[in-house]
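Trainee: what's the 3D shape of this:
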Amino acid sequence: MAAPESDLEGNRCQRTQREHRGGAPGSFIAVATAAAATASRIHGDTSSPPLSPAAGPPRRHLTTVSCIRAWLTRYFAPESSGPETIEVVGTQDPRSMGTGVPASEQTSCAKGDPQVYCPEDTGGTEAVQATDCESPEDNQSQNEPGYSSREDTGQLMASYEGKAKGYQVPPFGWRICLAHEFTEKRKPFNANDVSLSNLIKHLGMGLRYLQWWYRKTQVEKKTPFIDLINCVPLRQIYGCPLGGIGGGTITRGWRGQFCRWQLNPGMYQHQTVIADQFTVCLRRKGHTVYQQVLSVERPSVLRSWNWGLCGYFAFYHALYPRAWTVYQLPGQNVTLTCRQITPILPHDYQDSSLPVAIFVWDVENEGDEAVDVSIMFSMRNGLGGEDDAPGGLWNEPFCLERDGATVQGLLLHHPTLPNPYTMAVAARLTADTTVTHITAFDPDSTGQQVWQDLLQDGQLDSPAGRSPTSQKGEGIAGAVCAMGKLPPRGRCSLEFSLAWDMPRIMFGAKGQVHYRRYTRFFGSDGDAAPTLSHYALCRYTDWEEKISAWQSPVLDDRSLPAWYKSALFNELYFLADGGTVWLEVPEASLPEELVGGMHQLHPILREYGRFGYLEGQEYRMYNTYDVHFYASFALIMLWPKLELSLQYDMALATLREDLTQRRYLMSGIMAPVKRRNVIPHDIGDPDDEPWLRVNAYVVHDTADWKDLNLKFVLQVYRDYYLTGDQSFLRDMWPVCLAVMESEMKFDKDQDGLIENGGYADQTYDGWVTTGPSAYCGGLWLAAVAVMVRMAALCGAPDVQDKFSSILSRGQEAYERLLWNGRYYNYDCSSQPQSFSIMSDQCAGQWFLRASGLGEGDSEVFPTQHVVRALQTIFEFNVQAFAGGAMGAVNGMQPHGVPDRSSVQSDEVWVGVVYGLAATMIQEGLTWEGFRTAEGCYRTVWERLGLAFQTPEAYCQQRVYRSLAYMRPLSIWAMQLALQQQQHKKASGPKAKQGTGLSMGPKLGPKETMANPSPE
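Mentor: Below you'll find the model as predicted:
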């Protein structure tokens, strides 16, 4: 029987509105004029310029030329409409919001001064969020490798007023109070942030982009691979995504909302679905005393539900692929801990592909009275958008009993073409739990029937049979409820699963049907959702054991700072939530004439499938190779077979050509889509037909880029070195020869060193490079050195001699033309920015050291020069930029002012910074490396509110660019560097505890181990 209405009203937690204290950044002031132009230095003088870091962060002047700026930007979206675009929720009807908290036990949410939450002592480990609690780092010298600043780490939990710590919530990870508000509201980089000189330079590109955008959207009715007109608005809400690798993902925000969807491959919908919620019902002595939607939202639909959870008594904790949300229920002596689990399991090529997630609710009773607790999981069929509008959706209950385990739930059938799917919401039935359901309700109504049904007895009516099919314009939702008994001072667990079965997919061109990886194990008929649910609920404890075994060595290592432990695992979200696809490869799809001598191509692709992830959620190109160069460390260390599969796909694409002419936006020239024997920029656009049509990128003709071919060669050797796979090396050797032969033409004066072409012809595609350059020249020398090593391994002495000669001449030219005594100059142009200190100038050395080369007999760059350059970068690009608290700016002038000669030189690229930090660690500058990387983590995750959407770039003030980007996966290069550093110190075949990586048996030719646990 329902509790009396009067008992359930007037007791809700009233949350007061805080004053918004965030302010817009002040206007910029003019920067001192650029240094006088130097004499032409192509192959000329490289004497060291005077170095003088600026005392404070410089600011720049922006001239308003709105008529030009409306046309122009390079990947920068128009200004968003401000904070009000983040999320819109309706008002709450106060008459329908009873929580059942007795008036005498009310806990007000009215706020005074924020309180900092300090967890109890955890035996020497420290949660990342606690500002005022002593941590292991506090007792370390700032010169020790593990030392890291903890400034601002408590701000995310400053609003938390509860005492509950949750059930088995780990001490390390990203933790935030549900009442937290980020005061800094940045905007996407747009034309208003581009200097007048750069606007003028790119005027033609802007006009061509507008023409291309209009044709793409209005004529072809397609979504641009980079949409500068319609950017993704800032939403500081995201948490750990649900779902394994390649089966689609659903992101659940840190406040509990289901808010970012990637079910159609590579295509994102940023939309919060209000009906997708967890609701708790507590009953004592046969009466409902508390019923609350576990959401801080106050929407305009489902108004009969009790919304507006008091966020000051709840917090979220993320350590991907798991997350915990802890709710202290005011006045009830009950704490809920929701543990979210996704099967992301290193070296597992089956369960890691499953489109499933588990929610385990651990309910703790701190009172002396027994409680019946119910958790209701409601879910809308679809997202409520245009895919649902035609109708034809229906729900039906299911029950699957197998191997002594019973799972009950609902199937939500969504047959909309071209990619129909079925969603399963389920709970595990045990001797101690009851599972009920409501098959269908209207998610756009007041929701009174569902609310009253649960309120009456803590269960749902469980009608039999399928629901009627939804009509045009109608919405349909369902709910599953699990109820258990909670003894005094006791605990109970309720287990839910969410699974989605979209086995056959078509990309935007709708030309081919592809089968997702998980269909190999669960079939492709579209009826696997019940089996997936049952499998997940029976196997998740095994998954958690594997996750703990993988993560514990890192988490237990006291020499590693807390922020790093959070960053290392949480940045892995992108491997699953990067628009990722993992597909089966039909035999007929591999052309024999191109396979040639790649004997392992068929076995690798057939056994491990085809893997693709986007450059970024806003930069929609699969396997963008110049960026994968940085991100690939995560794949090779955790799922090495997927990295090899990707490399075989890239080799196949290299041997193909597409001579279709098209106009490139930056230069305006007509050139082929793809030339033979050059590495493609990307493998294609998910809104087209990736793998069949490559190079979706139309800004530059990347056949003339200087870095792509070199990055392929370097990755091939690194992958061989870390896996010891000699068959892979032999298969790739002819392709490496072909791409290096294509690269030779860029050495125009035959001095052994390639020259850049006077435009942005590398991954910094908005930063012009002329003549020999630190970045591309360094990659070239590293690739030549690797070719020498591979030639010896492949028994090609003539090729070895050839590249040895090139390497000798190139080393001399590189040092003579670029080394200035403190660092390597940016390039050899006659422009002032030629003297810029580039943070990424040691990228070639980074890869050499990761591959067991670059020192001793295999030294390419003088060690003392490398260390000196890294020290200079740390002094100028890190410490002299933003007070040393935001990572490394891409380019810094020698007088201590960021290089603003391009739209990218004064940005911080998070993935580049992590790679730079790895290089520092490799060269013994471990403290500097951690300090450099820490600035990026603190900025992105703690200050800007960009958790689980780490951008490609941000500037010192006001803006960011390209949310949810691939490159930051390079943080795993730091872990590899730590592991290799530890291996050098080890006296035996097994390393001491210290880097979180078991050294075990040899996996590569240099006894290096790239795997966090034995495979």
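Trainee: can you give me the helices for the stretch 101-250 of the chain?
Mentor: Ranges of helices within the stretch 101-250 of the chain are 196-201, 203-214, based on DSSP state H, counting those that start in this stretch.
Trainee: Include mean neighbour count and distance to G244 when you put the ones you listed into CSV, please.
Mentor: For every residue, glycine as well, the C-beta is placed using N, CA and C. CSV is the format used below for these (neighbours: other C-beta atoms under 10 Å; distance: least, C-beta to C-beta, whole Å):
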stretch, mean neighbour count, distance to G244
helix 196-201, 16, 42
helix 203-214, 17, 35
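Trainee: Worst mean pLDDT among the ones you listed?
Mentor: Averaged per stretch, pLDDT over the helices of the stretch 101-250 of the chain is lowest on helix 196-201, reaching a mean of 79.
Trainee: wait, H347 sits on I636?
Mentor: No - the pair H347 / I636 is not scored as a contact, 11.7 Å apart, by C-beta atoms under 8 Å.
Trainee: the more surrounded of these two?
Mentor: I636 (26 against 17; other C-beta atoms under 10 Å).
Trainee: which SS class is that one?
Mentor: Three-state call for I636 (DSSP: H, G, I helix; E, B strand; the rest coil): helix.
Trainee: Roughly how far does it sit from G844?
Mentor: Using C-beta to C-beta, to the nearest Å, one gets 18 Å for the distance from I636 to G844.
Trainee: go on, Q456?
Mentor: Q456 is 69 Å from G844, by C-beta to C-beta.
Trainee: host element of A426?
Mentor: strand 421-429 (DSSP states H and E).
Trainee: Packing partners of that strand?
Mentor: strand 371-380, strand 405-414, strand 433-441, strand 477-486, strand 491-501, helix 529-555 (3 or more C-beta pairs under 8 Å, 6 or more residues apart in numbering; DSSP states H and E).
Trainee: Starting from it, tell me which strands it pairs with and how they run.
Mentor: When pairing is defined by DSSP bridges, strand 421-429 lines up against strand 405-414 (antiparallel), strand 491-501 (antiparallel).
Trainee: As CSV, these with mean neighbour count and distance to Q982 would be great.
Mentor: Converted to CSV, the strands paired with strand 421-429 look like this (neighbours: other C-beta under 10 Å; distance: least, C-beta to C-beta, whole Å):
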stretch, mean neighbour count, distance to Q982
strand 405-414, 23, 42
strand 491-501, 24, 38
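Trainee: P797 is nearest to which of the ones you listed?
Mentor: With C-beta to C-beta as the criterion, P797 lies closest to strand 491-501 of the strands paired with strand 421-429, at 55.3 Å.
Trainee: Taking strand 477-486 as reference, get the angle to that closest one.
Mentor: 160 degrees (axes from the mean of the first three to the mean of the last three C-alpha atoms, to 10 degrees).
Trainee: mind exporting strand 491-501 as CSV, just the C-alpha atoms?
Mentor: Taking Å, rounded to 0.1, in the frame of the first residue of the first chain, the C-alpha atoms of strand 491-501 are listed here in CSV:
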residue,chain,number,x,y,z
ARG,A,491,24.4,-5.0,3.1
CYS,A,492,22.7,-6.4,0.0
SER,A,493,23.6,-6.3,-3.7
LEU,A,494,21.3,-5.8,-6.7
GLU,A,495,22.8,-6.6,-10.2
PHE,A,496,21.7,-5.0,-13.4
SER,A,497,23.0,-5.3,-17.0
LEU,A,498,22.6,-3.1,-20.1
ALA,A,499,23.3,-4.8,-23.5
TRP,A,500,22.7,-3.7,-27.0
ASP,A,501,22.8,-6.0,-30.1
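Trainee: What pLDDT is listed against S148?
Mentor: 36.
Trainee: Sorry, wrong one. I was asking about L228.
Mentor: 86.
Trainee: right, and it touches Y209 too?
Mentor: Yes - using C-beta under 8 Å, L228 is in contact with Y209, at 6.6 Å.
Trainee: what ranges do the helices span in the stretch 651-800 of the chain?
Mentor: Using DSSP H, counting those that start in this stretch, helices in the stretch 651-800 of the chain cover 708-723, 726-743, 774-793, 797-818.
Trainee: Using CSV, lay out those together with mean pLDDT and mean neighbour count.
Mentor: As requested, the helices of the stretch 651-800 of the chain are exported to CSV (pLDDT from 0 to 100; neighbours: other C-beta atoms under 10 Å):
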stretch, mean pLDDT, mean neighbour count
helix 708-723, 98, 26
helix 726-743, 97, 20
helix 774-793, 98, 25
helix 797-818, 98, 17
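Trainee: Would you reformat those as TSV and include distance to V694?
Mentor: Listed next are those as TSV, based on distance: least, C-beta to C-beta, whole Å:
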stretch	distance to V694
helix 708-723	12
helix 726-743	15
helix 774-793	22
helix 797-818	28
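Trainee: For Y290, find the nearest of these.
Mentor: Closest to Y290 of those is helix 708-723 (C-beta to C-beta; 53.9 Å).
Trainee: Does anything pack onto that closest one? Which helices or strands?
Mentor: Applying 3+ C-beta pairs under 8 Å, 6+ apart, we find helix 708-723 packed against helix 625-638, helix 640-655, helix 726-743, helix 774-793, helix 843-850.
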